[in-house]
Structure formats: C-alpha cells, structure tokens
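J.: Need coordinates for the below:
(one chain, ligands or ions: 2)
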Amino acid sequence: MRKRILVTGGAGFIGSHLCEKLLEEGHEVICVDNFYTGNKENIVHLMRDPYFEVLRHDITFPLYVEVDEIYNLACPASPKFYQFDPVQTTKTSVHGSINMLGLAKRLKVKILQASTSEIYGDPNSHPQDETYWGNVNPIGPRACYDEGKRCAETLFFDYHRQHGLKIKVVRIFNTYGPRMLPDDGRVVSNFIVQALQDNDITIYGDGSQTRSFCYIDDLVDGMIKMMNSRDDFVGPVNLGNPNEISILGLAKMIVELTGSNSKVVHQELPKDDPKRRQPDISLARRELGWEPKVELRKGLFKTIEYFRNLLRKVQP
Ligand code: NAD
Ligand code: UDP
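T.: Ligands and ions are numbered 1, 2, ... in the order given. Predicted coordinates for the structure are as follows:
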C-alpha cells in the first residue's frame, strides 16, 4: 500500500538515501529540510518524481502536513557543524522532536527517531549494547548533540508511555557513503578527499581510537526494517556494523585503496573524543533479522568513486 511518508533532514546524507529507497518502494515522500548541512544536489535527481515533495522548513517550528508515517532525521551529525551553533543543535533535537512528536500525536501515526551511538558517550562498556546507559560529559563541546539526542529519546519514550504514541528509536553508529559533504569534517570523507588530492591525512591523536563503520545502504535497510517491525518493538535498537577498526588502520586502508601519495600527520585530539566504539547488534539481528552486508573495503571503494567524480566536477 502506498503511504505518504515524511522524512525530516531528507536532503542530508542519510535522509536523501532514505527518501530514494522509500520512493523506490512505491511510497510518496515529503522531504523537510532547512538545508543547514543538507544539499539540493543530494535530492535533485528525485525532484522529477511527482511523488516526491520538498519543503524548506526548520523543525524547531511547528509543521502542519498530513502523512502516514514520520522518520525524524533532522539534525547536523558532524561535530564540525553541530558545534558551530550548539544552541540550535540542541533546539533541533529537543524542540524539533517535540514538534514532530506533536504532529505524530495529532495524526496518530508512527514516528521513528534517528538517535545515535553518541548517547553512549565515551563508553566504558565494550561493545555497546542497548542496556548500557552511557558516559556523556553533559557540559563538554559534544554535549549539545549527545544530550540533545538523549533528551529526544526521553521525549519519544514519554510520548509513548503518556500518549500511547507508536514510536521507533534506532541508535545509529558511524555511517559512511556517497553524498557525505567533502568538507563535512567526519573522518571517512576527510581522509578520502585528502587522499584523492595527495594532501596530508589528518589523524587526530595517535589514531588508536576506534570506530565501526556501516555502509549507507545497510543502514537504510535497517531503518526501514525497524519502521515496519511489530508495534510493540519500539527499541532503542543499535544499527551499525560491528567491524571495529582504529582510525590509523582506516587511514592506511584509504591510502591503499586510492593509491595515494599522502602521508599521515597527527593533530590534537578533540576534547571528549570517544576512545572505542563498536555496536552489539544482537538485538537487531534477533528482532529485525537485520545485519550489515557491505564489507568496509567494498563500501569505501564505492565512496571513493563518488568523491573522485565529485572532485573531477569541481576541479576538472
Ligand atoms: P546530515 O547533516 O547530512 O543531515 C542532517 C539533515 O538535517 C541536513 O539535511 C540538515 O540540513 C537537516 N537539518 C538540520 N537541522 C535542521 C532543522 N532544524 N530543521 C530541518 N532540517 C534540519 O547528517 P546525516 O549523517 O545524514 O545524519 C542524519 C541523522 O542521523 C541525524 O539525526 C544524525 O544525528 C543521525 N546519525 C547519523 C550518523 C552518521 O554516522 N551519519 C550516526 C548517528 C546518528
Ligand atoms: N578524526 C580524525 N581525523 C579527521 C576527522 C576525524 O582522526 O580528519 C577522528 C576523530 O577524532 C574521531 C574519529 O576520527 O576519533 C571519528 O570522527 P568523526 O567526526 O567521523 O565521528 P565521531 O567522532 O562523531 O564518531
């Protein structure tokens, strides 16, 4: 059955892939975005589709539309951008969630929140499963994002308990792929762009900190599976690839895959940078029958191809 689905943050990296997949599945999509970190280029290829609609709107203000389902993704995800205007970042997570939850309540529709592994902070439990409550510095430079997202989870669960709203919460771990911004500041796009231009690869700290990287197609598949799962499974559920790698290891892999002459340089480690991160995805495997399929080298290869073409367009 064709549904009308609202995707907030739909012009962003993950949101644009999600809009594309939902349209492919035969749904009507309303993409809401204030274009802070989103980009028209990400969705221009969808604009020819009569079932795709774009609204320039900031979700910290109320929104009146009629839809059957909501994916709430609006929020800058890169530290560089979420720390640029930290008050707006918290507002987007908190006021934005209240507005979207209010909309879902009025319409009596299901709403999914794009939460994050950042709610675990700099974890002292490894790997992280959903029962872990986290280790977040509430007053540090990452707090506008981490605490905003934590408060959003609180709001989702209170709307569920207090108003019987149908909610879904996914905790997304580091995701990468085509349509990340070249100046996005996150590690995969930074290293690939640096490698393709034979510039120095900037490792923050000694590079021993770890992350676990999930390819975009796998993540979108997991998000849709979660939205369509039975109503009494509300999450939170981790979505990510458990394949953990050090940042130094990632840099070496990207240099090798691009055939670059770049050398690695070390810069200061940002404050509160998590030391280790790896999702335990047992719950997603059990409840959603989901696990990532794209191996890191293969996903990086596709992402490198994307940036190679993009840079060619910018600097022919
Ligand atoms: P992104 O920055 O590419 O996309 C976010 C989108 O939200 C952008 O299009 C931006 O313009 C829009 N936006 C920001 N504030 C808004 C507002 N107030 N009103 C309307 N639109 C607004 O980031 P992404 O990587 O695509 O992340 C999407 C979501 O997934 C975010 O909520 C993020 O917290 C979450 N997430 C992402 C990752 C990841 O690795 N990419 C990891 C964990 C969680
Ligand atoms: N990082 C790095 N060099 C860069 C960008 C990031 O060494 O040019 C490191 C960063 O310090 C962190 C990891 O890579 O340890 C992942 O950073 P990112 O901003 O991508 O995601 P997050 O820290 O939010 O997981």
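
J.: Pull up the residues of the stretch 1-150 of the chain that are close to ligand 2.
T.: Counting by Cβ under 6 Å from any ligand atom, the stretch 1-150 of the chain comes close to ligand 2 at P79. (C-beta placed from N, C-alpha, C; glycine too.)

J.: if we go to 8 Å?
T.: Within the stretch 1-150 of the chain, the positions near ligand 2 by Cβ under 8 Å from any ligand atom are A77, S78, P79, K80, S117, E118, R142.

J.: can you list contacts of stretch 249-259?
T.: Stretch 249-259 is contacted by residues 187-188, 191-192, 195-196, 201, 203, 207, 211, 213, 245, 260, 262, 264, 296-297, 300-301, 304 when judged by Cβ atoms under 8 Å, 6 or more residues apart in numbering.

J.: still on that earlier bit, name only those of the residues of the stretch 1-150 of the chain next to ligand 2 that count as buried.
T.: Listed as buried from these are A77, S78, P79, S117, E118, R142; burial here means 16 or more other Cβ atoms under 10 Å.

J.: quick one: which of these sit in strands?
T.: Judged by DSSP state E, strands contain none of those.

J.: will you turn the residues you listed into JSON lines that also has pLDDT and distance to ligand 1?
T.: Output for these, formatted as JSON lines (pLDDT from 0 to 100; distance: Cβ to the nearest ligand atom, whole Å):
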{"residue": "A77", "pLDDT": "95", "distance to ligand 1": "4"}
{"residue": "S78", "pLDDT": "93", "distance to ligand 1": "6"}
{"residue": "P79", "pLDDT": "92", "distance to ligand 1": "11"}
{"residue": "S117", "pLDDT": "97", "distance to ligand 1": "6"}
{"residue": "E118", "pLDDT": "96", "distance to ligand 1": "7"}
{"residue": "R142", "pLDDT": "96", "distance to ligand 1": "12"}
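
J.: For those, give me TSV that also has distance to E41.
T.: Shown next, in TSV, are those (distance: Cβ to Cβ, whole Å):
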residue	distance to E41
A77	18
S78	17
P79	23
S117	27
E118	27
R142	28
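
J.: Now the two most distant members of these.
T.: Based on Cβ to Cβ, the longest span within those runs between S78 and S117 and measures 14.2 Å.

J.: Could you report the neighbour count for the residue nearest to E66 when sequence neighbours are not counted?
T.: Nearest residue to E66, sequence neighbours excluded (Cβ to Cβ, 6 or more residues apart in numbering): L107, at 6.8 Å. Neighbours of L107 under the rule other Cβ atoms under 10 Å: 16.

J.: Give me the phi and psi angles of L107.
T.: phi -90, psi -10 (degrees, to the nearest 10).

J.: out of the contacts of stretch 249-259, which are buried?
T.: 187-188, 191-192, 195-196, 201, 203, 207, 211, 213, 245, 260, 262, 296, 300, 304.

J.: From those residues, which land in strands?
T.: With DSSP E as the criterion, strands contain I201, I203, R211, I245 from among those.

J.: Please name the bridge partners of the last one.
T.: By that I understand I245. Listed beta-bridge partners, I245: R211 (assigned using DSSP bridges).

J.: and what of the second one?
T.: With DSSP bridges applied, I203 shows beta-bridge pairing to H266.
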